[in-house]
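Return atomic coordinates for the entry below.
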Amino acid sequence: MKNIVYFDLETQLTANDVGGWDRKADMKISLGVTYSTATETYEIFSEKRVPELIETLSKADLVVGYNNRRFDYEVLMGYTILDLAHHLPTLDLLEVVERAAGHRLSLDAIATATLGVGKTGDGLDAIRWWREGKLMEIARYCCFDVKVTKLVHEYAMNHGELHFIDRFSRKQTLQVSLT
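The predicted structure follows:
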C-alpha cells in the first residue's frame, strides 16, 4: 500500500518578525501535522519533534501539501541540511492549481468552491494563538487544514478537476493533472 502523507505546519513568527519572506527558515515551527494513509492517523509535531517530522516525511511514498515546497519546506530548512523540495517525493497542490489557473489561489478558495467547506482560520491566527499559548487551537486548525488538503487531493484524483469562485462570483472549473 502506498503511504501518502498529507502535511501542514504553522509558524511561531511572521515574515515581518524575521525580516522578510526570504527568511522563512527563521520563522520557526509552532506545530506540524501529518496524516498518513498507511496508518490512517494524524500526528502532531512540536518544534522539539521536528527531526521526527522530517523522518516521517522522508519515509512517505508521496508528501502532499498546499504551498509546501515554497513555504513549509523552507520553514523546515531552518532545522535540517536536507534540501527537502528535492529530497522528498512531493505533490504541491498549489503548483497544480497555479498551472491550471495561470495564477495562485488559496486553499480556502479551492476548498470552499470544490468541497463546500472552508478553512477555520489563517496563519496569522495560528501565530496569535502561539503567542497566547493556545497550542490546542493551533493543533485543531492545522489538523483541519491537513484534512482539507487531503479531501481536495482526493477530489482532484477522482474527478480530474477542482473549482474556485472568480472575482465575478462565478464558479469556475480547473482541469487538473496530478502527474
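
buried sites along the helix-or-strand element of the chain with minimal mean pLDDT?
Between all helices and strands in the chain, the lowest mean by mean pLDDT, DSSP states H and E belongs to helix 123-131, at a mean of 89. Buried residues in helix 123-131, defined by neighbour count with 16 or more other Cβ atoms under 10 Å: 123, 125-127, 129-130. C-betas here are computed from N, CA, C, even on glycine.

Stretch 90-107 now?
Neighbour count says stretch 90-107 has 90-97, 100-101, 105-107 buried, by 16+ other Cβ under 10 Å.

Past the least confident helix or strand of the chain, which element shows up next along the chain?
Downstream of helix 123-131, the first helix or strand assigned by DSSP states H and E is helix 135-159.

if we can go back for a sec, including distance to Leu57, could the buried residues of helix 123-131 go into CSV?
Listed next are the buried residues of helix 123-131 as CSV, based on distance: Cβ to Cβ, whole Å:
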residue, distance to Leu57
Gly123, 20
Asp125, 24
Ala126, 20
Ile127, 23
Trp129, 24
Trp130, 22
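
Go through those and say which is closest to His153.
Gly123 (20.1 Å; Cβ to Cβ).

low-confidence ranges in this structure?
The chain contains residues with pLDDT under 70 at 1, 119-120, 179.

Tell me which stretches of it form strands.
Remark: strands assigned in the chain by DSSP state E are 4-11, 29-36, 41-46, 62-65, 90-92, 161-165, 171-175.

Name every strand pairing with the third one and say which way it goes.
The sheet places strand 41-46 alongside strand 29-36 (antiparallel), with pairing taken from DSSP bridges.

next one: the fourth one
Sheet partners assigned to strand 62-65 using DSSP bridges are listed as strand 4-11 (parallel), strand 90-92 (parallel).

The first one relative to helix 123-131, how many degrees between them?
Pointing back at strand 4-11 there. 70 degrees (axes from the mean of the first three to the mean of the last three Cα atoms, to 10 degrees).

ok, and what's touching strand 4-11?
Contact partners of strand 4-11, identified using Cβ atoms under 8 Å, 6 or more residues apart in numbering, comprise 27-37, 56-57, 59-66, 68, 72, 75-76, 123, 126-127, 130, 138, 141-142, 145-147, 149-150, 153.

Distance check, the nearest residue to Val5 once chain neighbours are set aside against Gln172.
Spatial nearest neighbour of Val5, chain neighbours left out: Ala60 (3.8 Å); criterion: Cβ to Cβ, 6 or more residues apart in numbering. In this view, Ala60 and Gln172 are 31 Å apart by Cβ to Cβ, to the nearest Å.

More neighbours: these two, which one.
Ala60 (21 against 13; other Cβ atoms under 10 Å).
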